[in-house]
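Student: This is a predicted model, with the sequence first.
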Amino acid sequence: QLVESGGGLVQAGGSLRLSCTASERTFSFYSMGWFRQFPGQGRLFVATIDQNATRTRLSDSVKGRFTISRDNAKNTVYLQMNNLKPEDTAVYYCAAGQSFPLLAGARYDYWGQGTQVTVSS
């Protein structure tokens with residue numbers, strides 16, 4: 001089970017840190033990803049990190065603003081979002097997969113319930 005937290009309302013230019021905590025002790029076996037979903041659209045890739053936190057991949061739309069990290073001792077993956085823009089407003093989901101990099105949502109095995117991020121102008 002994956003549980004996201006940290007979403008909310010922030011002004012443009014602000015920051016948020018999303019967290020996703022897994023209940024499974026096998027968390028460190030999985031690569032982790034963050035996706036976002038805009039109203040009426042499918043889930044779009046945002047970022048992914050490998051099992052050992054040695055490699056990351058970010059979408060072009062968030063490079064230089066977002067950072068993905070993980071703490072396997074805490075079974076948690078993070079998405080640090082800086083310089084947020086109104087177009088970042090979406091529901092953000094974390095997901096667990098079995099290889100890296102996984103850029104397609106269909107390749108992930110487990111998903112969280114999502115957390116809303118709203119960026120006001």
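Tutor: Sure, I can see it. Numbering: from 1, shown residues only.

Student: From now on I want contacts and neighbour counts done on CA atoms only, so please keep to that.
Tutor: OK.

Student: Centroid-nearest residue for the chain?
Tutor: Closest residue to the average C-alpha location of the chain: residue 34 at 2.6 Å, with C-alpha atoms, centre = their mean.

Student: Give me the three-state assignment for it.
Tutor: Counting by DSSP: H, G, I helix; E, B strand; the rest coil, the backbone at residue 34 sits in strand.

Student: wait, doesn't it sit right on residue 43?
Tutor: No - using C-alpha atoms under 8 Å, residue 34 makes no contact with residue 43, being 9.6 Å away.

Student: thought residue 36 was touching residue 61?
Tutor: No - Residue 36 is beyond contact range of residue 61, at 11.8 Å (criterion: C-alpha under 8 Å).

Student: higher neighbour count, these two?
Tutor: A direct count of neighbours by other C-alpha atoms under 10 Å for residue 36 and residue 61 places residue 36 higher, at 22 against 12.

Student: residues in contact with the closest residue to that one other than its chain neighbours?
Tutor: If the residues on either side of it in the chain are set aside, residue 36 comes closest to residue 92, at 4.3 Å by C-alpha to C-alpha, 6 or more residues apart in numbering. Taking C-alpha atoms under 8 Å, 6 or more residues apart in numbering, we find residue 92 in contact with 34-37, 114-117.

Student: ok, 6 Å please
Tutor: 35-36, 114-115 (C-alpha atoms under 6 Å, 6 or more residues apart in numbering).

Student: SS state for it?
Tutor: Secondary structure state of residue 92, per three-state DSSP, is strand.

Student: May I have the beta-bridge partners of it?
Tutor: residue 36, residue 115 (DSSP bridges).
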